[in-house]
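model the structure of this input:
(one chain, ligands or ions: 1)
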Amino acid sequence: MSEQGLFISFEGIDGSGKSTQVKRLAENLRANGHDVVLTREPGGSQGAEEIRALVLQGDPDRWSAETEILLFTAARRDHLERLIRPALAQGKIVICDRFADSTRMYQGLSRGDLRSTVDSLHAMMIGVEPDLTILIDMDPAEGLKRARGRQGDEERFEDFGENLQAAMRAGFLALAEEFSERFCVIDGAKDMDSVAADIRSVVAGALKSQP
Ligand code: TYD
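Model (predicted):
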(Lines give C-alpha, C1' and ligand atoms only; values in the text may rest on other atoms or scores of the structure.)
Protein backbone atom coordinates (compact mmCIF):
# COMPACT_ATOMS: atom_id res chain seq x y z
CA MET A 1 0.00 0.00 0.00
CA SER A 2 2.83 2.37 0.74
CA GLU A 3 3.65 5.25 -1.54
CA GLN A 4 7.22 5.50 -0.27
CA GLY A 5 7.77 3.60 2.95
CA LEU A 6 7.33 -0.07 3.71
CA PHE A 7 4.36 -1.40 5.67
CA ILE A 8 5.03 -4.68 7.50
CA SER A 9 2.47 -6.48 9.67
CA PHE A 10 3.03 -9.39 12.04
CA GLU A 11 0.38 -12.03 12.67
CA GLY A 12 0.06 -15.23 14.62
CA ILE A 13 -1.88 -16.91 17.40
CA ASP A 14 -1.56 -15.68 20.97
CA GLY A 15 1.81 -16.63 22.40
CA SER A 16 3.49 -17.02 19.02
CA GLY A 17 6.33 -14.75 20.07
CA LYS A 18 5.29 -11.87 17.81
CA SER A 19 5.73 -9.11 20.32
CA THR A 20 9.34 -10.08 21.00
CA GLN A 21 10.09 -10.46 17.31
CA VAL A 22 8.59 -7.11 16.27
CA LYS A 23 10.82 -5.38 18.81
CA ARG A 24 13.90 -7.24 17.66
CA LEU A 25 13.22 -6.44 14.03
CA ALA A 26 12.67 -2.76 14.81
CA GLU A 27 15.94 -2.60 16.77
CA ASN A 28 17.84 -4.30 13.98
CA LEU A 29 16.47 -2.03 11.26
CA ARG A 30 17.14 1.10 13.34
CA ALA A 31 20.71 -0.06 13.97
CA ASN A 32 21.06 -0.24 10.19
CA GLY A 33 19.95 3.36 9.78
CA HIS A 34 16.29 2.90 8.88
CA ASP A 35 13.57 5.17 10.17
CA VAL A 36 11.15 2.75 11.87
CA VAL A 37 7.74 3.24 13.44
CA LEU A 38 6.81 0.32 15.69
CA THR A 39 3.13 0.08 16.47
CA ARG A 40 0.38 -2.38 17.35
CA GLU A 41 -3.30 -3.15 16.99
CA PRO A 42 -5.73 -2.69 18.46
CA GLY A 43 -4.16 0.66 19.33
CA GLY A 44 -1.29 2.67 17.94
CA SER A 45 -2.98 6.06 18.12
CA GLN A 46 -4.62 7.79 21.08
CA GLY A 47 -8.17 7.09 19.96
CA ALA A 48 -7.36 3.53 18.98
CA GLU A 49 -5.72 2.86 22.36
CA GLU A 50 -8.93 4.04 24.01
CA ILE A 51 -10.89 1.58 21.88
CA ARG A 52 -8.35 -1.12 22.81
CA ALA A 53 -9.36 -0.80 26.44
CA LEU A 54 -13.01 -1.16 25.42
CA VAL A 55 -12.47 -4.38 23.48
CA LEU A 56 -9.78 -6.14 25.49
CA GLN A 57 -10.77 -5.38 29.08
CA GLY A 58 -13.90 -6.06 31.08
CA ASP A 59 -16.64 -8.58 30.50
CA PRO A 60 -15.91 -10.66 27.37
CA ASP A 61 -19.62 -10.65 26.50
CA ARG A 62 -19.84 -6.89 26.64
CA TRP A 63 -20.11 -6.55 22.85
CA SER A 64 -21.92 -8.52 20.21
CA ALA A 65 -19.69 -10.05 17.56
CA GLU A 66 -20.81 -7.40 15.05
CA THR A 67 -20.21 -4.49 17.43
CA GLU A 68 -16.76 -5.87 18.11
CA ILE A 69 -15.97 -5.86 14.38
CA LEU A 70 -17.05 -2.21 14.22
CA LEU A 71 -14.86 -1.30 17.19
CA PHE A 72 -11.74 -3.03 15.82
CA THR A 73 -12.33 -1.41 12.44
CA ALA A 74 -12.87 2.02 14.02
CA ALA A 75 -9.60 1.63 15.92
CA ARG A 76 -7.83 0.64 12.70
CA ARG A 77 -9.22 3.58 10.77
CA ASP A 78 -7.96 6.04 13.39
CA HIS A 79 -4.55 4.31 13.51
CA LEU A 80 -4.30 4.43 9.72
CA GLU A 81 -5.26 8.09 9.45
CA ARG A 82 -3.13 9.37 12.27
CA LEU A 83 -0.06 7.19 12.36
CA ILE A 84 0.39 4.65 9.55
CA ARG A 85 -0.34 6.75 6.46
CA PRO A 86 1.63 9.81 7.57
CA ALA A 87 4.66 7.65 8.48
CA LEU A 88 4.61 5.83 5.12
CA ALA A 89 4.27 9.14 3.29
CA GLN A 90 7.49 10.20 5.03
CA GLY A 91 9.23 7.09 3.70
CA LYS A 92 9.38 5.27 7.05
CA ILE A 93 9.17 1.55 7.70
CA VAL A 94 6.00 0.84 9.69
CA ILE A 95 6.00 -2.40 11.68
CA CYS A 96 2.59 -3.25 13.03
CA ASP A 97 1.97 -5.99 15.61
CA ARG A 98 -1.31 -7.33 14.11
CA PHE A 99 -3.45 -5.66 11.45
CA ALA A 100 -6.61 -6.56 9.49
CA ASP A 101 -5.73 -10.27 9.20
CA SER A 102 -6.28 -10.51 12.98
CA THR A 103 -9.83 -9.22 12.54
CA ARG A 104 -10.38 -11.70 9.68
CA MET A 105 -9.36 -14.45 12.08
CA TYR A 106 -10.47 -13.45 15.56
CA GLN A 107 -13.72 -11.67 14.70
CA GLY A 108 -14.25 -13.56 11.45
CA LEU A 109 -13.90 -17.02 12.99
CA SER A 110 -14.36 -17.09 16.72
CA ARG A 111 -18.08 -16.37 17.08
CA GLY A 112 -19.53 -17.90 13.95
CA ASP A 113 -18.57 -17.23 10.36
CA LEU A 114 -18.40 -13.45 10.06
CA ARG A 115 -15.57 -13.25 7.58
CA SER A 116 -17.67 -11.59 4.87
CA THR A 117 -18.83 -8.91 7.33
CA VAL A 118 -15.21 -8.25 8.28
CA ASP A 119 -14.21 -8.08 4.62
CA SER A 120 -17.05 -5.73 3.63
CA LEU A 121 -16.25 -3.31 6.41
CA HIS A 122 -12.55 -3.52 5.62
CA ALA A 123 -13.18 -2.71 1.96
CA MET A 124 -15.33 0.27 2.90
CA MET A 125 -13.30 1.75 5.74
CA ILE A 126 -9.68 0.58 5.45
CA GLY A 127 -9.06 -0.58 1.90
CA VAL A 128 -5.34 -1.23 2.25
CA GLU A 129 -3.15 -4.21 3.05
CA PRO A 130 0.45 -4.33 4.28
CA ASP A 131 3.28 -4.69 1.74
CA LEU A 132 4.54 -7.67 3.73
CA THR A 133 2.81 -9.81 6.37
CA ILE A 134 4.97 -12.05 8.51
CA LEU A 135 3.03 -14.95 9.99
CA ILE A 136 4.80 -16.61 12.90
CA ASP A 137 3.40 -20.13 12.76
CA MET A 138 3.24 -21.92 16.07
CA ASP A 139 1.86 -25.08 17.62
CA PRO A 140 -1.30 -24.00 19.53
CA ALA A 141 -0.48 -26.00 22.68
CA GLU A 142 2.89 -24.31 22.89
CA GLY A 143 1.37 -20.90 22.07
CA LEU A 144 -1.25 -21.24 24.77
CA LYS A 145 1.33 -22.31 27.32
CA ARG A 146 3.34 -19.19 26.54
CA ALA A 147 0.30 -16.90 26.49
CA ARG A 148 -0.90 -18.17 29.87
CA GLY A 149 2.52 -17.61 31.33
CA ARG A 150 2.08 -13.87 30.86
CA GLN A 151 0.53 -11.50 33.35
CA GLY A 152 -2.03 -8.88 32.50
CA ASP A 153 -5.67 -7.96 32.32
CA GLU A 154 -6.12 -8.31 28.55
CA GLU A 155 -7.17 -11.93 28.52
CA ARG A 156 -10.15 -11.59 26.27
CA PHE A 157 -9.01 -13.90 23.48
CA GLU A 158 -6.42 -15.99 25.20
CA ASP A 159 -9.12 -17.72 27.26
CA PHE A 160 -10.65 -19.29 24.20
CA GLY A 161 -8.63 -22.44 24.68
CA GLU A 162 -6.69 -24.83 22.55
CA ASN A 163 -9.38 -25.81 20.03
CA LEU A 164 -9.94 -22.25 18.97
CA GLN A 165 -6.20 -21.63 18.85
CA ALA A 166 -5.91 -24.63 16.53
CA ALA A 167 -8.67 -23.22 14.30
CA MET A 168 -6.85 -19.86 14.31
CA ARG A 169 -3.60 -21.47 13.29
CA ALA A 170 -5.27 -23.26 10.39
CA GLY A 171 -7.10 -20.04 9.51
CA PHE A 172 -3.90 -17.98 9.46
CA LEU A 173 -2.19 -20.57 7.25
CA ALA A 174 -5.18 -20.47 4.88
CA LEU A 175 -4.97 -16.66 4.81
CA ALA A 176 -1.28 -16.96 3.94
CA GLU A 177 -2.30 -18.93 0.86
CA GLU A 178 -5.14 -16.60 0.00
CA PHE A 179 -2.84 -13.57 0.13
CA SER A 180 0.32 -15.36 -0.91
CA GLU A 181 1.77 -12.27 -2.63
CA ARG A 182 2.25 -10.47 0.68
CA PHE A 183 2.43 -13.28 3.28
CA CYS A 184 5.57 -14.99 4.49
CA VAL A 185 5.25 -17.89 6.95
CA ILE A 186 8.00 -18.19 9.55
CA ASP A 187 8.51 -21.30 11.71
CA GLY A 188 7.95 -20.05 15.29
CA ALA A 189 9.03 -23.35 16.85
CA LYS A 190 12.69 -22.51 16.30
CA ASP A 191 14.68 -20.74 18.99
CA MET A 192 14.19 -16.97 19.22
CA ASP A 193 17.48 -16.05 17.58
CA SER A 194 16.79 -18.26 14.55
CA VAL A 195 13.28 -16.86 14.19
CA ALA A 196 14.69 -13.32 14.37
CA ALA A 197 17.30 -14.18 11.71
CA ASP A 198 14.65 -15.68 9.40
CA ILE A 199 12.55 -12.54 9.75
CA ARG A 200 15.52 -10.26 9.06
CA SER A 201 16.28 -12.05 5.83
CA VAL A 202 12.67 -11.83 4.60
CA VAL A 203 12.58 -8.11 5.37
CA ALA A 204 15.95 -7.54 3.70
CA GLY A 205 14.49 -9.12 0.57
CA ALA A 206 11.44 -6.87 0.71
CA LEU A 207 13.62 -3.76 1.13
CA LYS A 208 15.75 -4.79 -1.83
CA SER A 209 12.78 -5.25 -4.11
CA GLN A 210 11.37 -1.81 -3.28
CA PRO A 211 11.19 0.55 -6.22
P1 TYD B 1 -2.13 -8.43 22.52
O2 TYD B 1 -2.08 -8.20 23.96
O3 TYD B 1 -1.55 -7.44 21.61
O4 TYD B 1 -1.63 -9.88 22.28
P5 TYD B 1 -0.64 -10.55 21.27
O6 TYD B 1 0.72 -10.33 21.87
O7 TYD B 1 -1.03 -12.00 21.29
O8 TYD B 1 -0.83 -9.91 19.94
O9 TYD B 1 -3.66 -8.66 22.25
C10 TYD B 1 -4.29 -8.42 21.14
C11 TYD B 1 -5.50 -9.30 21.23
O12 TYD B 1 -6.51 -8.73 20.42
C13 TYD B 1 -5.22 -10.69 20.71
O14 TYD B 1 -5.83 -11.65 21.54
C15 TYD B 1 -5.91 -10.69 19.37
C16 TYD B 1 -6.98 -9.67 19.52
N17 TYD B 1 -7.34 -8.97 18.27
C18 TYD B 1 -8.57 -9.23 17.70
O19 TYD B 1 -9.35 -10.00 18.22
N20 TYD B 1 -8.91 -8.58 16.55
C21 TYD B 1 -8.08 -7.69 15.94
O22 TYD B 1 -8.43 -7.12 14.89
C23 TYD B 1 -6.80 -7.44 16.54
C24 TYD B 1 -5.86 -6.48 15.90
C25 TYD B 1 -6.47 -8.10 17.71
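
up against the ligand, what does the chain have?
14, 18-19, 40-42, 56, 72, 97-98, 102-103, 106-107, 154, 157-158 (CB under 6 Å from any ligand atom). In this view, the C-beta of every residue, glycine as well, is placed from N, C-alpha and C.

let's go with 5 Å and repeat that
14, 19, 41, 72, 98, 102-103, 106, 154, 157 (CB under 5 Å from any ligand atom).

lowest-confidence one in these?
Lowest pLDDT among the residues of the chain next to the ligand: residue 154, with 51.

measure how buried the nearest residue to residue 91 once chain neighbours are set aside is and give me the count.
The shortest distance from residue 91 to any non-neighbouring residue, by CB to CB, 6 or more residues apart in numbering, is to residue 4 (4.3 Å). Look at residue 4: counted by other CB atoms under 10 Å, it has 12 neighbours.

same thing with residue 116?
Using other CB under 10 Å, the number of residues around residue 116 comes to 9.

torsion angles phi and psi at it?
phi -70, psi -30 (degrees, to the nearest 10).

you'd agree residue 183 is up against residue 176?
Yes - using CB atoms under 8 Å, residue 183 is in contact with residue 176, at 4.0 Å.

follow-up on the earlier one: a strand runs through the residue nearest to residue 91, doesn't it?
No - per DSSP: H, G, I helix; E, B strand; the rest coil, residue 4 lies outside any strand segment and is coil.

ok, back up a step: intersection of neighbour lists for residue 183 and residue 176?
133, 135 (CB atoms under 8 Å, 6 or more residues apart in numbering).

how far away is residue 208 from residue 176?
22 Å (CB to CB, to the nearest Å).

out of the two, which sits in the more crowded spot?
residue 176 (18 against 7).

so what's the residue count around residue 85?
For residue 85, using other CB under 10 Å, the count is 18.

for the worst-scoring helix or strand of the chain on mean pLDDT, packing partners?
Least confident helix or strand, the chain: helix 140-148 with a mean of 76, by mean pLDDT, DSSP states H and E. Contact analysis of helix 140-148 by 3 or more CB pairs under 8 Å, 6 or more residues apart in numbering; DSSP states H and E lists helix 162-178 as its packing neighbours.

now the helix it packs on against helix 140-148, angle please.
110 degrees (axes from the mean of the first three to the mean of the last three CA atoms, to 10 degrees).
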